[in-house]
Structure formats: C-alpha cells, structure tokens
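Engineer: What follows is a predicted structure for the sequence shown.
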Amino acid sequence: MNELKLSDEILLSVDKPARYIGNEINCIYKDIEKIDIRFAFCFPDVYEIAMSHLGLAILYDFLNKREDTYCERVFSPWIDLDNIMREKNIPLFALESQDDIKNFDFLGFTVQYEMSYTNILSVLELSHIPIFSKDRSEDDPIVCAGGPCTYNPEPLADFIDFFYIGEGEVRFNDVLDLYGTFKAEGKSRADYLEAVAKIDGIYVPKLYDVTYNEDKTIHSFLPNHPNAKEKIKKNLVLDLTASSYPTKPLVPYMQVVHDRVVLELFRGCMRGCRFCQAGIVYRPVREKNVDMLKEQAVNLIKGTGHEEISLVSLSSSDYKPLHELSEHIIDTVGHEQHVNLSLPSLRIDAFSLDLMKKVQDVRKSSLTFAPEAGSQRLRDVINKGITEEDILKGSKEAFESGWSRVKLYFMLGLPTEELEDVEGIAHLSHKIVEKYYELPKELRRSRVEIVTSTSFFVPKPFTPFQWVAQDTLEQFKEKQTLLNRTINKKNIKFNSHDAKTSVIEGVIARGDRRLGQVIYEAYKLGAKYDAWSEHFKYTVWEQAFDQCGIDASFYASRERSLDEMLPWDFIDIGVSKDFLLDEYEKALQGKTTPNCSLSCSTCGAQIFGGGICYEG
Amino acid sequence: MKVRLKFSKTGALKFIGHLDLMRTFQKIFRQAELPLAYSEGFNPHQIFSIAAPLSVGVTSDGEYLDMKLVQNMDTQIIVDHINSCCPNGLKIEAAVIIDDREPSAMASVSAAKYSVIQEECVLTKENIAEFALQDNIIIKKKNKKGVIKDFNIKPGIYSLVVEENKIIMTLATGSTFNVKPDAIFSALCDFIGVSYNPFNYKVHREDLYHSDADFIPLLVPIEPVF
Ligand code: SF4
C-alpha cells in the first residue's frame, strides 16, 4: 500500500472516499524501480462507472502481464474533489501508486461515449498535462486513446497523440516494445510518434493534413509523413478463446454499477441492425469456446469472491452452447457457492424463458424487449429481425410463467419514421398489456407493469445510416409529445431520454477535426460530466458553437451526399463502404438482410480470415 | 460451528464504511472458500455479523465478526485462509470458537476503548481532567424523530485520561447506549471555548468489551465451549 495522495481532511470531506484510495482486492502493486514503462489507464468518468467496464479489466491484466510495464488506473474525480483539486492545485494521480499522472510514460484513454469528451480534457488539465497535443513537451506522457468512439477519432484529433484502432490485445505489446527501445535510446516523443505510426491500427493525427471544400465538406485527407498509412486498419482478435483474459479482476469496496464477474461469450454480432455501430465495427462474430468459459467461470469466482456472474455479448441468445454453459455454472459455483447467474441481452422466447426461470425470481425481475421501432415497416428499415408476433408471443409466455414486469426499449427519430410509426410504439405497448389481461384471472398474480422507454436515434459512423440527417430538436420534441399523448398511462410508465443530449452526441459522433475547438470551448465554459443529465448544460454547448462560428446542424441534421468524403473514411474496419451503401438502399426500400448465420452478405469482414464467416 | 474473529482495520481501510466492509468480507469469505452457512430463500446470504460499526476515518485493532460455518475447521487455518485474501489494512488477528448459545458480538458489545492523537495540541491534560470531573455532560443530539434534544453522555464515559501524548478513553458502545469519540471532542472544545476541528483527532479503536463492569474483551466468550 502506498501513501495516499490526498489528506485525511480532503478524503473525509468528499463523497465516497473509496473512489480515490485504490488498494482493492486484486489491486496490482509493483516496484517502480524495476519498471521501464508506466502506463496510466483512464476511463474518463467516475469510479463506479469506470470499474464496471470489462475492457478496463482485460487491459489492466494484459498490460500488467508485462514485467517491464506497470499499468495503473486513473478516473475522473467526482465534481466535489475536482473542485478541491483545482482550488488547491493538487495534480491528478493514479490509484495504485498515488503518483502524479504527469510522471507517467503513457496516459491512455478508453473512449466509450461521446459525452465523455469534456472529461478527457478535464483529466488532462487536472494532470497538469497540456490539453492540446501540439503543446506537449518531452516531460509529458504520451497521450493515446482507443475504444468504440475512436472509430471516428477526428473530433479528438487535437488532444490525442495517437489512437489505437481496434482491439487492444492485438498490437499493444508492439506499441510498448517500441517505446521501451526508444526510451532506452533516449529518443524524442516526436521520433516515437513517427515510428509508432507504422504499426497496424495506429493513427497519429498530426501526420495527416485535411483540406476543405467551399461547402465545408472535406476535400482531402492526406498523410504528410512517409510512415503514416493512407488507411488505418482496425486490429481484431481472431482467436478469442486463446486471448488474454483476467483471472483475478479487481474487486471494488464500494458498490459499482455492475458488481459482478463478467464472462464474454463472443465479440461482434451476427444480426446487422442498421442503427448499431457495435454490430458493424466488431464484425465478424468470434465465439469463445464453451469449455474455456466453463473453466473461467469457476476460476473467476474463486479469484474475486463475487456473488454474481454475468454472461455478456451483444446478443447472448446467439451463443449456441448458452444452455450448456449456464447449466454448468448453476451446477458448480451456483450450488456450491450460492453464486447468481445473470443473463442480459437475451431474446425473449420459450427457450430463454425456461433458462431465466432457473436463475431469477420471476416475481421480482423484469423482462426486457428491444423492438426499437413501433411498426413492422420501420423494424424492417432498421433490419431489426423481430416481429410483433415474436414480441406478443414472448410476452404471453412470460406472463404465463409468472413475470408481470416488462421493459420495452424504442428509438424515436429513426430514418423514414412517420408519426404513425411513433404511435405504433404506444399501440404495441397497449397490445402487451392486453396480452396480460387475456390470462385467466387466477394466473394474474399482481398488476402488470410495463415501462416503455425511448431514446433518440443518433446516426453513427460505420453504419448504413451514416449519411442520414438526424432529427432536429423540434422534431424530437414533437414525436415525444405525440407519444406521451398516445400512451395509456394506466399500466404503462413512459420514460424518455433527453433530446438535447442526443443532439450534441449526434454532432460529435459524426464530427471532424474542426470540432476540437468546440469541445475545448465547451469545456472552458464549464461543460463536464455531460453524460450525467444533472450536469449536462446544453446552453454551454450552444455558446461554444457560437463562439467558434461552427454550425451544429452541419454535423447533425444535414443529409450527406453518398459521394461525400466522410471524416472517418480513412479507417478500415473490414466491412466495406459498398456494403454500407447497399444496406442503406435496402433500408430505404424496407428490405431486410439475413443474419450471418443464415447467409453471408460478404460485407467485407471476411478479409480477417476467421470468425463466423468461415464457420457456416 | 460458530467462530468469532478479531480483526484490525487500518491504513486506507479507514475510508471504507461499514456497508462496504460487509460487502468486502462476503467476497473475501467466498474467495477463501470457507464453508459459511447461508440463509434460506431465493437470494441466500452468508450468515455473519459485525459487532459495532466503525465510523469512517477511524482505525481499529479491535473489531469483531461472528460467523457460522457448516463444517468444523481449525481456527488457525481459518485465520490464514482469510488473511491470504485480505487487502492491505484488513487483517484477522485471532479466531475463537464460540458456543451456539453465545450471544452475538453485536448483542454483547457494551464498551469500546479508544486512543486518540491530536495533530495539534488543543486539549491539555488539565482541560480533560476538569471536563471529566463534571457531573453531567450535555450534548445536543437528534432523536429518532429528528428532533434535537439534550442528552447526557456522562454516564457513558467510563474513563477519560491522558497517557503520554495520547488521550485514552473507554466509552459506552452498542445499541442501548452509544457515545462516539467525536461527541466527546466537540463537547470538550465547547467546554474550553475553542472551535472544534474534527480532523485534528486521529481516533483509533483499541478493543471492544462485554460489560461495563469488568471490561472483558469480546475475544473471551461468556459461554463455556466444550
Ligand atoms: S462476411 Fe458474411 S459472415 Fe462475415 S461478417 Fe460479413 S456478412 Fe457476416
């Protein structure tokens, strides 16, 4: 255990001091004298969110397997401590050694959502590291970033020295090996950044120049250095079974969002929903061997003592040995150690209900459906392979089995949406309520509770909808009001996301380099913790756009022409732009595309040479 | 079999509150693969309880936890197994087998001994002696309904002395009568007319006791064990 950076007085006056002391069960301590590379891994949000992130657990373990490297954690201090640190000029520190981030070799961000960008700037500033990449000197850590949002790295290009595109387990050792050599030889950060650009999947923004057309669209995007590749190819783990996985992940003292052991069934998703970025950028589907998962389940419980184990993926029902694995977990750690099994992301059908009945208390738990759109027409547009019949049949079976709480998730503002599609959300919710009342009276144990939640559609890069105009704030509000009027509130609770957040998210998601100044300006004006509705300040963002003379609607509610050069076109995710274009056209015609297990649409991801593309 | 553990909570662990400590023990016990008894029901939980919650910011060498095992085990093995899973700052100091009829540590505890260091010497030996001599020491305290009422803590102060540079005190602890160290210091500061700075007092709990008459540590059970 190391001396704590913060005084007792500070720790005892902030909320939840356990966020800042490290020293959790399985926390890794190393002798800094024997370390060549110090890596600070940052999830730019508060501890409870950060510590629930699987990617952090995987990379913390992966990087610390290297003897020459010590990976430590740093998260955003909560607002109370943030204020104190600024006031008292206390630099941000890593949880393990409690040393200043400024003294590290690397500061690496995982970028999970757009609304965390101002927190990234805040972490830099609190660490006393220049916010802009161009202002950093030899004394500053190399600042890198990866994660789902970095498939469009451009809005962060001014702040990040290099991006790592794709799955970290593949090339991060190369990145660190190179650094180790360069550090030993006393080479400069500029030398390193030029050299690291050669590694697959590494994007160094300063090695590229962008020019713009008169209409503000991108004219050219070109490397200005021989090492900089024209296309940056994502890194992908082909053999997930053999890939590094932690056996003793950290166990927080305090309650975090997901307080449990997590087992990853597979990466990618075979479904191809057209709004879903994860479903495209993580292609192809790569499964983990069930025997390996069985072994890991038992070891992870042993290594952490958690009372819950969760099987995660983008669509767990697609994992064929799911039953076998679940039974194994129930029969081993379930019976012997009273460990609960949790199964998110299941499609509701007789098969999965049977499984869920074994692992949860049906009276207390609720079931989740994500039809995403209210009408069959619109569900076909987004290629959501679920019909009204599936949903009603699933609900009926669930009610018969004793469930009486159902959660429904929809999106407002999907491409081609008409007001009748919006009303369709209400109608579908009503029909589910009716299904409940069709049950014989003696089976209706309690009141039915339906929660219908809507979020607003945000078009994302690398989806078939990357060209569409996002709805404006006014359109969002109109649809929300209509739905609120149409839904019968007797048995249905209606929740709706904040439209303003979705607009800013929409701007940043499809933004280019020029947005860097807006993000900086918003941060300077006080934007922080934007992902937290109670801290999100829309007016600050409006002001930032104004001051920078940048029109937000250019990014959010403008339909792109199909031949426009998009800011993320230089990233190669394997899936081709032609496939996305095809899918877009089919969407507009309301035609669906079969999932990868039924038939391959040769989307391009087959070039990786593995996964589902070669199993069928 | 029932086992009572005596443990210390020091260093960074002083920032971990009571509920988080309970959660942490659950995980440590499962990691240590102890044959703990579980409650009935859909969500069974491990059967153990902690004698008296320790305030955040206070360290201790004398905390107690009672647990129930479904198999007999050697106490030294229990201690070793648990300690191999504990984070720095949490350590099992001893374990004793207790009889099934032994009242729980939580029910038994009635006094706690503290030693306190002042960062800056505000309270002198004389101040403290004078303070302790009063017949009544009245503090303001919220009752269960949230109404602020006068409350005499004097009967709950079993001893209060200065030894070398430490203030040593034994105070009523438990569900029937509970006096916290910070109540003493705020009353003391009031008494001598200085402002009360809670961060000036580094409080450490030394041990917990059965009854206020004999001050037998909780580690010694009342009921004989055969
Ligand atoms: S190449 Fe075919 S099987 Fe592979 S991800 Fe694309 S559509 Fe699916």
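Structural biologist: Nice, I can see it. Fair warning: this is a prediction, and the values are worked out from it, not measured in the lab.

Engineer: which residues in chain B form helices?
Structural biologist: Using DSSP state H, the helices found in chain B span residues B:18-31, B:75-83, B:105-108, B:125-133, B:181-192.

Engineer: Mind checking what secondary structure A:T592 has?
Structural biologist: For A:T592, the secondary-structure state derived from DSSP: H, G, I helix; E, B strand; the rest coil is coil.

Engineer: Can you lay out the helices of chain B as TSV showing mean neighbour count, mean pLDDT and distance to the ligand?
Structural biologist: Every residue, glycine included, has its C-beta placed from N, CA and C. Formatted as TSV, the entries for the helices of chain B read as follows, by neighbours: other Cβ atoms under 10 Å in any protein chain shown; pLDDT from 0 to 100; distance: least, Cβ to the nearest ligand atom, whole Å:
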stretch	mean neighbour count	mean pLDDT	distance to the ligand
helix B:18-31	20	96	39
helix B:75-83	16	97	48
helix B:105-108	19	94	58
helix B:125-133	14	93	76
helix B:181-192	19	94	62
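
Engineer: would a markdown table of those helices with distance to chain A be doable?
Structural biologist: Below are those laid out as a markdown table (distance: least, Cβ to the nearest Cβ, whole Å):
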| stretch | distance to chain A |
| --- | --- |
| helix B:18-31 | 3 |
| helix B:75-83 | 11 |
| helix B:105-108 | 21 |
| helix B:125-133 | 23 |
| helix B:181-192 | 11 |
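
Engineer: After whichever strand or helix holds A:A190, which helix or strand is next? Please name it.
Structural biologist: Secondary structure here is read from DSSP states H and E; on that basis A:A190 sits in helix A:189-196. Beyond helix A:189-196 on the C-terminal side, the first helix or strand identified by DSSP H and E is strand A:202-203.

Engineer: quick one: strands adjacent to that following strand?
Structural biologist: According to DSSP bridges, strand A:202-203 has the following sheet partners: strand A:162-164 (antiparallel).

Engineer: A:C71 in helix, strand or coil?
Structural biologist: What three-state DSSP gives for A:C71 is strand.

Engineer: what does the average pLDDT come to for the helix holding A:A190?
Structural biologist: Model confidence over helix A:189-196, given as mean pLDDT, is 98.

Engineer: other SSEs contacting the lowest-mean-pLDDT helix or strand in chain A?
Structural biologist: With mean pLDDT, DSSP states H and E as the measure, the helix or strand of chain A carrying the lowest mean pLDDT is helix A:350-359 (a mean of 82). When contacts are defined as 3 or more Cβ pairs under 8 Å, 6 or more residues apart in numbering or on different chains; DSSP states H and E, helix A:350-359 packs onto helix A:322-329, strand A:340-342, helix A:388-400.

Engineer: now that helix, how far from the centre of its chain.
Structural biologist: 28 Å (Cα atoms, centre = their mean, to the nearest Å).

Engineer: Stretch A:470-487 too?
Structural biologist: Taking Cα atoms, centre = their mean, one finds the center of stretch A:470-487 at 26 Å from the center of the full chain.

Engineer: May I see the buried residues of that stretch?
Structural biologist: Across stretch A:470-487, burial judged by 16 or more other Cβ atoms under 10 Å in any protein chain shown covers A:470-471, A:473, A:475-477, A:479-480, A:482-483, A:486-487.

Engineer: With distance to the ligand and pLDDT added, can I get those in TSV?
Structural biologist: Listed next are these as TSV, based on distance: Cβ to the nearest ligand atom, whole Å; pLDDT from 0 to 100:
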residue	distance to the ligand	pLDDT
A:Q470	26	98
A:D471	29	97
A:L473	36	95
A:Q475	33	96
A:F476	32	95
A:K477	37	94
A:K479	32	96
A:Q480	35	95
A:L482	36	95
A:L483	34	95
A:T486	37	93
A:I487	37	93
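
Engineer: Mind checking which of the residues you listed are in helices?
Structural biologist: Judged by DSSP H, the subset of the buried residues of stretch A:470-487 located in helices is A:473, A:475-477, A:479-480, A:482-483, A:486.

Engineer: Just the closest of those residues to A:P246, please.
Structural biologist: Of all these, A:F476 has the smallest distance to A:P246: 40.6 Å, by Cβ to Cβ.

Engineer: Wait, the closest one touches A:F456, no?
Structural biologist: Yes - with contact taken as Cβ atoms under 8 Å, A:F476 and A:F456 are classed as touching, separated by 5.3 Å.

Engineer: Mind listing the shared neighbours of the two?
Structural biologist: Here A:F476 and A:F456 share the contacting residues A:412-413, A:499, A:502-503, scored by Cβ atoms under 8 Å, 6 or more residues apart in numbering or on different chains.

Engineer: Go through the residues you listed and name the one nearest the ligand.
Structural biologist: The ligand has its nearest neighbour among the shared contacts of A:F476 and A:F456 in A:G413, at 26.9 Å by Cβ to the nearest ligand atom.

Engineer: what's the distance between the closest one and A:L562?
Structural biologist: Here A:G413 is placed at a distance of 21 Å from A:L562 (Cβ to Cβ, to the nearest Å).

Engineer: Who has more neighbours out of those two?
Structural biologist: Between A:G413 and A:L562, counted using other Cβ atoms under 10 Å in any protein chain shown, A:G413 has the larger neighbour count: 24 against 10.

Engineer: give the contact list for the more buried one.
Structural biologist: With Cβ under 8 Å, 6+ apart as the criterion, the residues that contact A:G413 are A:456-457, A:470-471, A:475-476, A:479, A:502.

Engineer: and chain B, what are its domains?
Structural biologist: B:2-107, B:109-210 (automatic domain parsing).

Engineer: Quickly compare those and say which is most buried.
Structural biologist: For the domains of chain B, the stretch with the most neighbours on average is domain B:2-107, a mean of 18; neighbours defined as mean count of other Cβ atoms under 10 Å in any protein chain shown.

Engineer: which residue is nearest the centroid of the chain?
Structural biologist: Using chain A here. Averaging the C-alpha coordinates of chain A gives a centre point, and the residue nearest to it by Cα atoms, centre = their mean is A:Q112 (4.0 Å).

Engineer: wrong one, chain B
Structural biologist: In chain B, the centroid-proximal residue (Cα atoms, centre = their mean) is B:A52; its distance is 4.7 Å.

Engineer: Does that one touch B:A107 like I think?
Structural biologist: No - in terms of Cβ under 8 Å, B:A52 does not count as a neighbour of B:A107; the distance is 10.8 Å.

Engineer: Past the longest helix belonging to chain A, which element shows up next along the chain?
Structural biologist: Longest helix in chain A by number of residues (criterion: DSSP H): helix A:419-437. Scanning the chain past helix A:419-437 towards its C-terminal end, the next helix or strand to appear is strand A:449-456 (assignment: DSSP H and E).

Engineer: tell me the angle that following strand makes with helix A:419-437.
Structural biologist: When axes from the mean of the first three to the mean of the last three Cα atoms, to 10 degrees is applied, the directions of strand A:449-456 and helix A:419-437 differ by 160 degrees.

Engineer: What angle do helix A:388-400 and strand A:449-456 make with each other?
Structural biologist: 140 degrees.

Engineer: Need the residues that contact strand A:449-456.
Structural biologist: The contact list for strand A:449-456 (Cβ under 8 Å, 6+ apart) reads A:366, A:404-413, A:425-426, A:429, A:432-433, A:471, A:476, A:480, A:483, A:487, A:491-497, A:499, A:502-503.

Engineer: residues of it that come out buried?
Structural biologist: Taking 16+ other Cβ under 10 Å as the neighbour-count basis, strand A:449-456 is seen to contain the buried residues A:450-456.

Engineer: Looking at these, spot the one nearest A:S597.
Structural biologist: Proximity of the buried residues of strand A:449-456 to A:S597, judged by Cβ to Cβ, is greatest for A:S455, which lies at 27.7 Å.

Engineer: Quick one: low-confidence residue ranges for the chain.
Structural biologist: With no chain named, the answer covers chain A. Applying pLDDT under 70 to chain A flags the ranges A:1, A:616.

Engineer: nope, chain B please
Structural biologist: In chain B (pLDDT under 70), the answer is B:212.
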